[in-house]
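*Asks:* Requesting a structural model of the entry that follows:
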Amino acid sequence: MSAPARTADGVPVPILMYHSVAREPSARTRGLSVSPGRFAEQMEMLADHRCTPLTTAGLAAIWRGGGALPDRPVLITFDDGYEGVHRHALPVLARHGFAATLFVSTGWLRGAHDTGGGLDTMLDWDQVRALAGQGVEIGGHSHTHPQLDQLLDEELEFELRQCREIVDGELGAAPVSFAYPYGHSDRRVRRAVRAAGFAQSLAVGNGLARRRQGPYALRRVTVRRSTGTAEFERLIEGRAIGRTFAADRALTKGYAVVRRARQARRRAARIRV
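*Replies:* Here you go, the predicted model:
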């Protein structure tokens, strides 16, 4: 495999976005799930290609400090907090010695803070602690997984503060990395994430991450049930990303218009009140 071409701001990095790792995912998570066998094959491909997985905090620290990245850097990230990350993904990661980041929606996890919104069997806090004990970085993903750019300021602050305080209370360390639910953010949301104490955050964008994107808008590429071997190889090589996700980007642009219209209506409603 040839390494991605260097740019003025360094090497572009593929950040892989996973959700559920499950043999029989729920209907609501199936499209963004991968089977345990497929996940193991994909991690084997990373090893065969001599990729170097980093945590989100690790990548940000290198870019923030102006240091050099390792050969063929890649990030393995999981959103939401599905139980299969502990049951199926952790043994594979441990076998390869791979770093990873798990972004948890604290109100979806089983335990004292559960709001009942989880889309499938979710992790409990003992499992999250076990993941952290094996070197998986635990990041924030809000409390109840809303579209953050649609929230009022006080609602947004609550989602971020509650998430960070719960992780801190359960693990004894506050999370420093964040991932936007649904990948949506705007300038107001990014400012709020920074003010809440997060040092970096990930969007989606289905593109390679680059230092010039800034620490609060790093892009990721989606790994899903339909991602085959050839497509996965293109993702980790950074090839044909635009063509692979052309349909996704068109939908994202269309939905951005819808979100802006919703925001305008909410602002107008507040003014009338």
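
*Asks:* Gly116 in helix, strand or coil?
*Replies:* coil (DSSP: H, G, I helix; E, B strand; the rest coil).

*Asks:* can you tell me how far it sits from Thr227?
*Replies:* 30 Å (CB to CB, to the nearest Å). Every residue, glycine included, has its C-beta placed from N, CA and C.

*Asks:* These two: who's more crowded?
*Replies:* Thr227 (19 against 7; other CB atoms under 10 Å).

*Asks:* Touching, that one and Val34? I think so.
*Replies:* Yes: with contact defined as CB atoms under 8 Å, Thr227 and Val34 form a contacting pair (7.2 Å).

*Asks:* quick one, strands of the stretch 51-200 of the chain?
*Replies:* 52-54, 73-80, 101-104, 137-140, 177-179, 200-205 (DSSP state E, counting those that start in this stretch).

*Asks:* quick one: contacts for Ile138?
*Replies:* The contact partners of Ile138, taken as CB atoms under 8 Å, 6 or more residues apart in numbering, are Thr101, Leu102, Val104, Val128, Leu131, Ala132, Val167, Leu171, Pro175.

*Asks:* For Arg110, see how far away the third one is.
*Replies:* Spelled out, it's Val104. 11 Å.

*Asks:* what's the answer for the fifth one, then?
*Replies:* From Leu131 over to Arg110 the distance is 14 Å, taken as CB to CB.

*Asks:* More neighbours: those two, which one.
*Replies:* Shown here are Leu131 and Arg110; by other CB under 10 Å, Leu131 has more neighbours (24 against 17).

*Asks:* which ones are touching the more buried one?
*Replies:* Val85, His86, Leu90, Leu102, Leu123, Ile138.

*Asks:* distance of it from Gly84?
*Replies:* 12 Å.

*Asks:* next one: Leu156
*Replies:* Distance from Leu156 to Gly84, by CB to CB: 30 Å.

*Asks:* With neighbour numbers in mind, choose between the two.
*Replies:* Higher neighbour count among Leu156 and Gly84: Gly84, with 26 against 21, using other CB under 10 Å.

*Asks:* burial measure for the residue lying closest to that one once chain neighbours are set aside, as a count.
*Replies:* Nearest residue to Gly84, sequence neighbours excluded (CB to CB, 6 or more residues apart in numbering): Val21, at 3.9 Å. As a burial measure, Val21 scores 24 neighbours (other CB under 10 Å).

*Asks:* what bridges to Val21?
*Replies:* Per DSSP bridges, residues listed as beta-bridge partners of Val21: Val34.

*Asks:* mind checking pLDDT for it?
*Replies:* Here the pLDDT value assigned to Val21 is 98.

*Asks:* Next, work out how far apart it and Asp79 are.
*Replies:* 12 Å.

*Asks:* Repeat that for Ala240.
*Replies:* 24 Å.

*Asks:* ok, now Ala173?
*Replies:* The gap separating Ala173 from Asp79 is 20 Å, by CB to CB.

*Asks:* Same question for Glu237.
*Replies:* 23 Å.

*Asks:* Val204 contacts Leu218, doesn't it?
*Replies:* No: using CB under 8 Å, Val204 is not in contact with Leu218; the gap is 10.1 Å.

*Asks:* if you count what's nearby, which of these two comes out ahead?
*Replies:* A direct count of neighbours by other CB under 10 Å for Val204 and Leu218 places Leu218 higher, at 26 against 21.

*Asks:* Any idea what that one is bridged to?
*Replies:* Beta-bridge pairing for Leu218 (DSSP bridges): Leu202.

*Asks:* coming back round to it: show me which of Ala173 and Asp79 is the more surrounded one.
*Replies:* Using other CB under 10 Å, the more surrounded residue of Ala173 and Asp79 is Asp79, with 27 against 10.

*Asks:* Next, the contact list for the more buried one, please.
*Replies:* With contact taken as CB under 8 Å, 6+ apart, Asp79 is in contact with Met17, Tyr18, His19, Phe103, His141, Ala179.
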